[in-house]
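**Q** Please work out how this folds:
(chains A and B)
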Amino acid sequence: MDNLAIARVLAEIGDLLEIKNENSFKIRAYRNAADSAAHSTQRLSDLTAAQRLAVPGIGKDLSAKIGELIETGVIAYHQELLREFPATILDLLHLQGVGPKTAALLYRELNIKNLDELERAIREGRLRAVKGLGPKKEAQILRAISERAQLAGRRLLAEASDAAEAIVFALRSDAPEATISIVGSLRRGCETTGDLDILAAGAPPSLMAAFTGYRLVERVLAHGERKSSVLLFGGLQADLRVAPRESLGAALQYFTGSKAHNIALRDRALQRGLKLNEYGVYRTDDDAAVAGADEDEIYRALGLAPIPPELREGRGEIQAAERDELPALVTRQHLRGDLHMHTTASDGRADLETMAQAALAVGHTYIAITDHSQSLAMANGLDERGALEHAARIRALNDRLDGITLLAGIECDIRPDGRMDLADDCLAALDIVIASVHSAFSQEPEQMTDRLLRALECPWVDILAHPTGRLLLKREGYRYDMDRVFDAAARYGVAVEINSKVDRLDLRDTHARLAKERGLKLVIDSDAHSAAGLEGLRWGVLVARRAWLTADDILNTRPIEQFRASLRRRRNTPSHSPTFTG
DNA sequence: GCCGTTTTCGGCCCGACTGTTTTCAGTCG
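**A** You can find the predicted model right below:
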């Protein structure tokens, strides 16, 4: 049983308890544990009951319940709750305007158990007969039901960022004197997002109307002086908060989140005789303001080093800030090269020279050209001869270009049995080899683990590319024993990739952090299939930052000679490199 | 249900907006 499956059950218990109107802190405990399970880099099913206690948010009781789930497949307590409330009632909670109280009320008063029954009850006029519900609520719920599919979708970070930046741009023209910022999960660099959060400080009252009247607004969900919510065409929700200028820092902090981070921070404030809200830090005894305008000052007022937004996930950042041990996170400016890109030689849209010139233009001092290998027929993959001819062209161009070094590489498929898709002597004759899985994604975990371990044994594999193969919002990654594979990669000196393509971001943050803990080095690559694709590194950098990585953890922050020396082929065979004779 | 550098008991974050009200509960972030 994987962590996500465990997290789902715990979260569902939380939802059911909420409908049951249980103690809110108990509900939070289940949700915290669910979140903790979902983000843990350890497989909970591999841990003993005692080891599970070390996982934050899991105590004696939940450790036992998780153990029960792993061993029997169910938690009796969960089953009991499901006897009180049908599981389908939880669908009601996802409707805008329906929370646990309303869901319970609907079930109790009208025996409504699912969306269909709810819709029918409204159409038959039965809802407004319930005390506390009225015609407005009916209309709101009906709309929510019809838009449910549309609203359910989360969006990729890049898409949501574009939409948010367009809104900020429009608002700035309406209120040039205001400070307008993107906050929320976008500012933290989360890989997908459900809504856009925007903060304006020092803005005139007219800004709210400009926001609700923005050209892409389909419907206004809420409209107040300080807070408004809108639904954009296409289904994204956007929220605008307006804060006094003297509260800019506190508002930035508050609306950036995450929720877990903020709760911990406010708890810390209380322990120090302070109160933290979106307006500032105040002394509890006399309400005197201690900080507010500057975000860094909020953290300092609480005895903490300022914490970068990407780390604010409640994963140890507050303890690290307290000890002044926050990592100096890698930045886009640290990157000197890019080791994964395609040209028209396989499935890229730009030719070799165009890609090289584009790389020069974005400031790279080295790149690797890594077209696909033969198995990927639909991507026009190269066989040995094709790969070597391509390498010759890359080297010829390299001789002509100043200011950038081109490495002749390949993105070599790892075949289902773990063999590499091209012969060893061909791989040896290249400057760099990145290996990746593009087929047979659904192998059993044991088989996939063996496959990857075998691939890593090939001495010419330098980098394991997009190591889980996931596609965000589309496909889960393939499953394997990551600990064993990472340990083998560390032993061989193989680096793992953070692939910056917006629908991959693979490795993800928690896995990249695990890789570092396992002693691995990483690279951040664009996997560009066009000149414009080279710009994508910014997204991979966000992932690396969320993984607590520094420039030292990332090989392509190094100058070219140091970079090449750190590749596995150089580390393991310092004195000679075989040449291809066939 | 979790958690502990004042605690193994008694805490556990906070404010804005809406819709139903007759002074406020529910939802949301």
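
**Q** Show me what counts as buried in stretch A:131-147.
**A** A:133, A:137-138, A:141-145, A:147 (16 or more other C-beta atoms under 10 Å). No exception for glycine: its C-beta is placed from N, CA and C like everyone else's.

**Q** from those residues, which are also near DNA strand B?
**A** Near DNA strand B, judged by C-beta under 7 Å from any atom of the strand, the entries from those are A:133, A:137-138.

**Q** Touching, A:Leu92 and A:Ala103? I think so.
**A** Yes. Counting by C-beta atoms under 8 Å, A:Leu92 touches A:Ala103, with 4.5 Å between them.

**Q** Now do the same contact list for A:His223.
**A** Each residue near A:His223 by C-beta atoms under 8 Å, 6 or more residues apart in numbering is listed here: A:208, A:212.

**Q** which residue is nearest the centroid of chain A?
**A** Among the residues of chain A, the one closest to the centroid is A:Glu191, at 3.0 Å (C-alpha atoms, centre = their mean).

**Q** related to what we said a few turns ago, could you export the ones next to DNA strand B among the buried residues of stretch A:131-147 to CSV, including columns for pLDDT and secondary structure?
**A** Output for these, formatted as CSV (pLDDT from 0 to 100; DSSP: H, G, I helix; E, B strand; the rest coil):
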residue, pLDDT, secondary structure
A:Leu133, 89, coil
A:Lys137, 88, helix
A:Glu138, 89, helix
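
**Q** Return the member of the buried residues of stretch A:131-147 nearest to A:Arg336.
**A** Of all those, A:Arg336 sits closest to A:Glu147, with 46.6 Å by C-beta to C-beta.

**Q** Would you mind measuring from the closest one to A:Gly125?
**A** From A:Glu147 over to A:Gly125 the distance is 22 Å, taken as C-beta to C-beta, to the nearest Å.

**Q** And for the residue in the stretch 451-582 of chain A positioned nearest to DNA strand B, the neighbour number?
**A** Per C-beta to the nearest atom of the strand, A:Thr510 is where the stretch 451-582 of chain A lies closest to DNA strand B, at 18.0 Å. Neighbour count for A:Thr510, taken as other C-beta atoms under 10 Å: 17.

**Q** these two touch, right, it and A:His39?
**A** Yes. If you go by C-beta under 8 Å, A:Thr510 and A:His39 touch, sitting 5.4 Å apart.

**Q** shared neighbours, the two?
**A** Common neighbours of A:Thr510 and A:His39 (C-beta under 8 Å, 6+ apart) do not exist.

**Q** Let me know the helix or strand that A:Leu95 is in.
**A** Assigned by DSSP states H and E, A:Leu95 belongs to no helix or strand.

**Q** er, A:Glu411 I mean
**A** strand A:405-413.

**Q** Pull the distance from that strand to the chain's centre.
**A** From the chain centre to the centre of strand A:405-413 is a distance of 27 Å (C-alpha atoms, centre = their mean, to the nearest Å).

**Q** Give me the sheet partners of that strand and which way each runs.
**A** With DSSP bridges as the test, strand A:405-413 is paired with strand A:366-372 (parallel), strand A:432-436 (parallel).

**Q** Save the ones you listed as a markdown table, and put in mean neighbour count too.
**A** Putting those into a markdown table (neighbours: other C-beta atoms under 10 Å) gives the following:
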| stretch | mean neighbour count |
| --- | --- |
| strand A:366-372 | 27 |
| strand A:432-436 | 26 |
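
**Q** Adding distance to A:Glu84 and mean pLDDT, write these out as CSV.
**A** Below are these laid out as CSV (distance: least, C-beta to C-beta, whole Å; pLDDT from 0 to 100):
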stretch, distance to A:Glu84, mean pLDDT
strand A:366-372, 54, 97
strand A:432-436, 48, 97
